[in-house]
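Novice: A predicted structure for the sequence below; I have some questions about it.
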Amino acid sequence: LGAGEIFDEFWSDRDDGSTFYTRFLEDKAKNKNARATRWEGSGEAGRLTRDIETLHPLATSIKLPGLALVVPTVKRQSALVSDGTGPVDLAVFERSKFKDIPYADALRVETVWLFRRGRATCVDVFFRCVFLSNVLAVPRWIQRLAVAKTRGELAATYAKWRDAARAALETRLGARTSSDEVLRAQP
């Protein structure tokens, strides 16, 4: 699959306002009320941006009085669709900002998806937690805990995304290819 096909299948706007990604967030990642704005050009050739608002499930089994079980989250996504001449066909950048949790003003989670074409379409996903010390000093032990929890949550979530994407592509492509040839996730 080329960059345009990957973008169309997994990231593009649908007529009903949904996207593969917003449906994934609700159906597989158990988010609530996932809504995406339409992609808009950002002035750079091939670059698009949009926002996704969702209620993200709290990533803990600990229940505290007054602490909601979902976290209001805004994800700013940027997509860069390649002309096919570089090593990456599509790059999707996502920055998540949270509300109503301790240290929310000082925490951002950034994710980068890199789609490369070869024998299969390969997806590399990277993340980092950004702590804005000019907003609020976050103790080191909380930073380490947030990074560890985020790593575990993202590994499980993106494994589910990979499986959902494979199933969608196998349905679309039929018996033309095996799942390993359709989408392979790199560790």
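Specialist: Structure's in. What do you need? Residues are numbered from 1 along each chain as shown.
Novice: all contacts plus neighbour counts: C-alpha atoms, from now on.
Specialist: OK.
Novice: Report the buried residues of stretch 42-55.
Specialist: 47-55 (16 or more other C-alpha atoms under 10 Å).
Novice: how about the helices in the protein?
Specialist: Taking DSSP state H, the helices of the chain run over residues 3-10, 20-27, 140-173, 179-182.
Novice: Could you say which one of the ones you listed comes nearest to residue 122?
Specialist: Closest to residue 122 of the helices of the chain, according to C-alpha to C-alpha: helix 179-182, at 8.6 Å.
Novice: With mean neighbour count added, can I get the helices of the chain in CSV?
Specialist: Output for these, formatted as CSV (neighbours: other C-alpha atoms under 10 Å):
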stretch, mean neighbour count
helix 3-10, 17
helix 20-27, 18
helix 140-173, 14
helix 179-182, 16
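Novice: rank these by mean pLDDT and give me the bottom one.
Specialist: When mean pLDDT is averaged over each of the helices of the chain, helix 179-182 scores lowest at a mean of 46.
Novice: on that earlier part again, from the buried residues of stretch 42-55, which is closest to residue 145?
Specialist: residue 55 (21.4 Å).
Novice: looking at it, the closest one is touching residue 31, isn't it?
Specialist: Yes - assessed by C-alpha atoms under 8 Å, residue 55 is found in contact with residue 31 at 5.5 Å.
Novice: Correct me if wrong: residue 7 contacts residue 90.
Specialist: Yes - with contact defined as C-alpha under 8 Å, residue 7 counts as touching residue 90 (7.4 Å).
Novice: partner residues bridging residue 125?
Specialist: Beta bridges link residue 125 to residue 113 when assigned by DSSP bridges.
Novice: And the pLDDT at it?
Specialist: For residue 125, pLDDT reads 90.
Novice: surely it meets residue 111?
Specialist: Yes - using C-alpha under 8 Å, residue 125 is in contact with residue 111, at 6.9 Å.
Novice: Looking at the helices of the chain, which is nearest to residue 101?
Specialist: Closest of the helices of the chain to residue 101 is helix 140-173, at 12.1 Å (criterion: C-alpha to C-alpha).
Novice: Reformat the helices of the chain into a markdown table and put distance to residue 41 next to each item.
Specialist: Shown next, in a markdown table, are the helices of the chain (distance: least, C-alpha to C-alpha, whole Å):
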| stretch | distance to residue 41 |
| --- | --- |
| helix 3-10 | 14 |
| helix 20-27 | 19 |
| helix 140-173 | 25 |
| helix 179-182 | 29 |
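Novice: Out of these, which is closest to residue 77?
Specialist: Closest among the helices of the chain, using C-alpha to C-alpha: helix 20-27, at 11.3 Å.
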